[in-house]
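J.: need a structure here:
(2 chains)
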Amino acid sequence: MKKFDTKHFKIKARKFLFGMNFVDGFVYKFVIYTLLISFSYIYLYPVLFMTVNSFMTVDDLINPGVKWIPTALQFENYGRALQVLELPGSIVSTTSYVLKVSISVTISSAIIGYGFAKFRFPLKNLLFVLMLATFILPSQVTMVANLVIFNNLGLMSTQNAMILPAIFGQGVNAAIYILIFYQFFKTIPGVLMESAEVDGASQFRIFTRIAIPLAIPSFLIVFLFSFVWYWNETFITSLYVGGRITLPLKLQAFRSSYETLFPPGSAGSELNEAIMLAGNMLTILPLLVLYFIAQRYFVESIDRTGITGE
Amino acid sequence: MKKVLSKIMTPLAKAWAKVTAFYNSKIAKHVEKVKYALSHNFIIRRKGLKLILFSFIKIDITRRRREAFYGYIFILLWIIGFAIFTLYPMFYSLYLSFTEAYYSLESGVETTFIGFTNYLNVFRSQTLLPLFATYIGKMLISVPLIIVFSILIAVLINNPIKLKGFWRTIFFLPVVISTGPVIAELNNQDATSIPSLEDSTLIVFISENLGPWIASPVEAILTSMLLILWYAGIPILIFLAGLQKIDGSIYEAAAIDGASPWDRFWKITLPSISPLISVSVIYIVVSMSLFVESGGILDLARSHMLVGAPDSTFWFGYGYAATIAWVYFLLMVIIMGIFVLILSARRKERN
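T.: Alright, predicted model coming up:
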């Protein structure tokens, strides 16, 4: 039998635990993964809480012994929440409204971003800075006057009150979208456009035939972001378009709608936290699905804004 | 299959033929007319490389001018929108903030000029002042917190680890799902403080022993810690993008020279991502400030605007709402300015 080589074993163990020059050791990796897992637990705690509690019965909610695993899955919570939120009808209406707004904001910011990126004109820098500055201007500063404007234009309480500003490049977070397109169109070599121009293409033809096909990924990113952000926007939507047009706004009015559907006093109809959380889950579910399908585009977005400097 | 296709295609072709016939018979004439008018009118005419205005002002069409023209055409949408939906409302609400204004269905907005009274009222208000104090405290504490947290996460993810995309997905998730009502509900159910922290004596100790002006923001932060961290989604991505731009050979050189990971972080990583900190600070301050809590400052402004009438508790109407919004906006800009100044001052020192 071979003699046990303690020295060799020691070196091996050390290499395994602490790593050599550029190979990380086990201890290092262990620490990193532990940190990541614990941070993501903290980070996702509200989501986990929401998911688990939305299935709980009233007894489970009160019982301090039940924290993570409900004793019985209560699907009735979701049934009630579906009724209160008027699903699945309301998801269609919400989606169609959000689609209208986000598609118009995407197209308009592409046009504007192209204008800023590809042409030189007087006052360009000033206008560009102003465009970026609109990002920090709260919509609450302009809401008072915008209400009056929309009233005069007859747009109040119609979806056009959100769509028109979106078309004119003043939508929610429009500055970010314009910046994304700006950065992308800057990377297209100008030679490409010049050669098309020499061949006799007009500027609009160049834009539609050369710039847009190249910018499909940027279109996707901007569209996804505007979709999500318009879906989640509740303050100006409720102010300009009104009441309960989107799913989050219906969620905001959950308590009162619940009381009209299930009047207090009838047996077993009290609104409890589990039903509320089921409503929350249903509201964010479409976005979750969208996110998991297209998460690559969401996560790549920051690289595209070019704020890291090229 | 062919039959189905032809069945679909024939009506389409017919419709298309109709459209072209209609175009040829009705619209084409007018298009020709417009073209003719454009080249034969008095006001604007093009002749070779010259643009002739009113038959006597002649402008050379140079490449630069044409470029500028097309540039303005492309951003025309934005210029119009900016003027109508941003610039004019901004100054109009600034004007309203110096008036007492109500909306009436018959005559539109009625205004009476009252000078700085609205601003004085904001600073005298018993409900608003504590809200502003809490807002400032919350910003000053939570913005550095988010920055530190997001740098930490970004550095962790930037290590050579497995499932990089998975971790990024997790930390970006809140950006997608955080909407006002959901956050409000989570707040209601106390699901927003770090699990082990919520029953700790720390909160009790702070709220009992410190003055309310420190205690209330600290308490607010501790009890909604998770939601504050939720704002880190985009900053994490910003820092991650910055970290990936750093050349790996710098680290190797430093390691060969004997720098410890600790030194490498402070001497290489942090300086190279420090310009991004300002960007993230601006993003965080804006996104945190624009989040509307019920009972918060912005919500109050809305109440004043919508139910403002001389006989209700919100008796100042549009003007007061505009004032609140403006004070809030200025505060936000000041806070942002302070952070950015501190950061840039430190960078200059280092240089």
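
J.: Tell me which helix or strand comes right after the helix or strand encompassing A:V191.
T.: A:V191 belongs to helix A:190-198 when assigned by DSSP states H and E. Per DSSP H and E, the first helix or strand lying C-terminal to helix A:190-198 is helix A:203-206.

J.: I figured A:I188 was touching A:S218, is that so?
T.: No - taking contacts as Cβ atoms under 8 Å, A:I188 lies outside contact range of A:S218: 10.8 Å. For every residue, glycine as well, the C-beta is placed using N, CA and C.

J.: And those two? Which one has more around it.
T.: Taking neighbours as other Cβ atoms under 10 Å in any protein chain shown, A:I188 and A:S218 compare with A:S218 leading, 24 against 16.

J.: which residues sit in contact with the more buried one?
T.: A:110, A:180-181, A:184, A:304 (Cβ atoms under 8 Å, 6 or more residues apart in numbering or on different chains).

J.: Return the member of the residues you listed nearest to B:A301.
T.: Among the contacts of A:S218, A:I180 lies closest to B:A301 (Cβ to Cβ), at 30.7 Å.

J.: Report the contact partners of the residue of the stretch 151-300 of chain A at minimum distance from chain B.
T.: Chain B sits closest to A:F168 of the stretch 151-300 of chain A, with a gap of 2.4 Å, by Cβ to the nearest Cβ. With contact taken as Cβ under 8 Å, 6+ apart, A:F168 is in contact with A:108, B:77-78, B:80-82, B:84-85.

J.: List the buried residues for the lengthiest helix in chain B?
T.: For chain B, the helix with the greatest residue count under DSSP state H is helix B:317-350. For helix B:317-350, a neighbour-count test (16 or more other Cβ atoms under 10 Å in any protein chain shown) marks B:317-329, B:331-332, B:335-336, B:339-340, B:343 as buried.

J.: hmm, back to that, so which of the contacts of A:S218 sits lowest on pLDDT?
T.: Checked by pLDDT, the contacts of A:S218 have A:R304 as the lowest-scoring entry (68).

J.: picking that back up, farthest pair within the contacts of A:F168?
T.: Longest span within the contacts of A:F168, Cβ to Cβ: A:S108 and B:I84, 13.8 Å.

J.: what about those two, which has more around it?
T.: A:S108 (23 against 17).

J.: For the more buried one, report the pLDDT, please.
T.: Looking at A:S108, the pLDDT reads 92.

J.: Could you verify my assumption that it touches B:L76?
T.: No - using Cβ under 8 Å, A:S108 is not in contact with B:L76; the gap is 10.9 Å.

J.: where does the chain have low pLDDT?
T.: Because you didn't say which chain, this covers chain A. Scanning chain A for pLDDT under 70 picks out the ranges A:1-4, A:18-24, A:65-66, A:264-269, A:304-310.

J.: hmm, I had chain B in mind actually
T.: Scanning chain B with the threshold set as pLDDT under 70 gives B:42, B:47-48, B:55, B:103-108, B:190-204, B:206-207, B:210-217, B:219-220, B:308-316, B:346-351.

J.: Which stretches in it count as strands?
T.: Listed in chain order, the strands of chain B (DSSP state E) span B:44-47, B:50-53, B:57-60, B:99-104, B:108-113.

J.: Can you check which of the ones you listed gets nearest to chain A?
T.: Using Cβ to the nearest Cβ, the nearest of these to chain A is strand B:108-113, at 5.8 Å.

J.: Residues contacting that closest one, please?
T.: Contacts of strand B:108-113 (Cβ under 8 Å, 6+ apart): A:148, A:151-152, B:96, B:98-104, B:318-319.

J.: now the residue of the stretch 151-300 of chain A closest to chain B, nearest residue through space, not along the chain?
T.: B:G81 (2.4 Å; Cβ to Cβ, 6 or more residues apart in numbering or on different chains).

J.: And for B:N158?
T.: Here the residue nearest B:N158, using Cβ to Cβ, 6+ apart, is B:L243, at 4.5 Å.

J.: close enough to count as contact, that neighbour and B:I273?
T.: Yes - using Cβ under 8 Å, B:L243 makes contact with B:I273 at a distance of 6.4 Å.

J.: These two: who's more crowded?
T.: B:I273 (22 against 19).

J.: and the stretch 1-150 of chain B, which residues reach chain A?
T.: B:64, B:67-75, B:77-82, B:84-86, B:88-90, B:92-93, B:96, B:103, B:108-109 (Cβ under 8 Å from any Cβ of the partner chain).

J.: sorry, back to before: between the contacts of A:S218, which is nearest B:I284?
T.: For the contacts of A:S218, the nearest to B:I284 is A:I180 (19.1 Å; Cβ to Cβ).

J.: can you tell me the helix or strand for the closest one?
T.: Here A:I180 is assigned to helix A:174-187, by DSSP H and E.

J.: That helix relative to helix A:190-198, how many degrees between them?
T.: 80 degrees (axes from the mean of the first three to the mean of the last three Cα atoms, to 10 degrees).

J.: Give the buried residues for helix A:174-187.
T.: Neighbour-count burial for helix A:174-187 [16+ other Cβ under 10 Å]: A:174-185.

J.: what distance separates the start and the end of stretch B:259-276?
T.: With Cα to Cα, to the nearest Å as the measure, stretch B:259-276 spans 24 Å from end to end.

J.: Briefly note if it comes near chain A.
T.: Yes - using Cβ under 8 Å from any Cβ, stretch B:259-276 comes into contact with chain A via B:275-276.

J.: Flag every buried residue along that stretch.
T.: B:259, B:268-269, B:273, B:276.

J.: now, which of those lie within helices?
T.: Reading helices off these with DSSP H, I get B:273, B:276.

J.: Quick check: closest non-adjacent residue to A:E300.
T.: A:E300's closest residue in space is A:I221 (Cβ to Cβ, 6+ apart), at 6.9 Å.

J.: Check whether the one you found really touches A:Q183, as I assumed.
T.: No - using Cβ under 8 Å, A:I221 is not in contact with A:Q183; the gap is 11.1 Å.

J.: Can you turn the buried part of the residues of the stretch 1-150 of chain B next to chain A into a ChimeraX selection?
T.: Applied in ChimeraX, the following selects the buried portion of the residues of the stretch 1-150 of chain B next to chain A according to 16+ other Cβ under 10 Å:
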select /B:68,70,71,72,74,75,77,78,79,81,82,84,85,86,89,90,92,93,96,103,109
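
J.: okay, now A:S195: neighbour count?
T.: A:S195: 13 neighbours (other Cβ under 10 Å).

J.: export the helix holding A:I180 as PDB, just CAs?
T.: What follows is helix A:174-187, C-alpha atoms only, in PDB (Å, rounded to 0.1, in the frame of the first residue of the first chain):
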ATOM      1  CA  ALA A 174     -39.800  59.000 -22.800                       C
ATOM      2  CA  ALA A 175     -36.300  60.500 -22.300                       C
ATOM      3  CA  ILE A 176     -34.900  57.000 -21.500                       C
ATOM      4  CA  TYR A 177     -36.400  55.500 -24.700                       C
ATOM      5  CA  ILE A 178     -35.200  58.400 -26.800                       C
ATOM      6  CA  LEU A 179     -31.700  57.900 -25.300                       C
ATOM      7  CA  ILE A 180     -31.700  54.200 -26.100                       C
ATOM      8  CA  PHE A 181     -32.500  54.900 -29.700                       C
ATOM      9  CA  TYR A 182     -30.100  57.800 -29.800                       C
ATOM     10  CA  GLN A 183     -27.300  55.600 -28.600                       C
ATOM     11  CA  PHE A 184     -28.100  52.900 -31.000                       C
ATOM     12  CA  PHE A 185     -28.400  55.000 -34.100                       C
ATOM     13  CA  LYS A 186     -25.100  56.700 -33.300                       C
ATOM     14  CA  THR A 187     -23.400  53.300 -33.700                       C
END
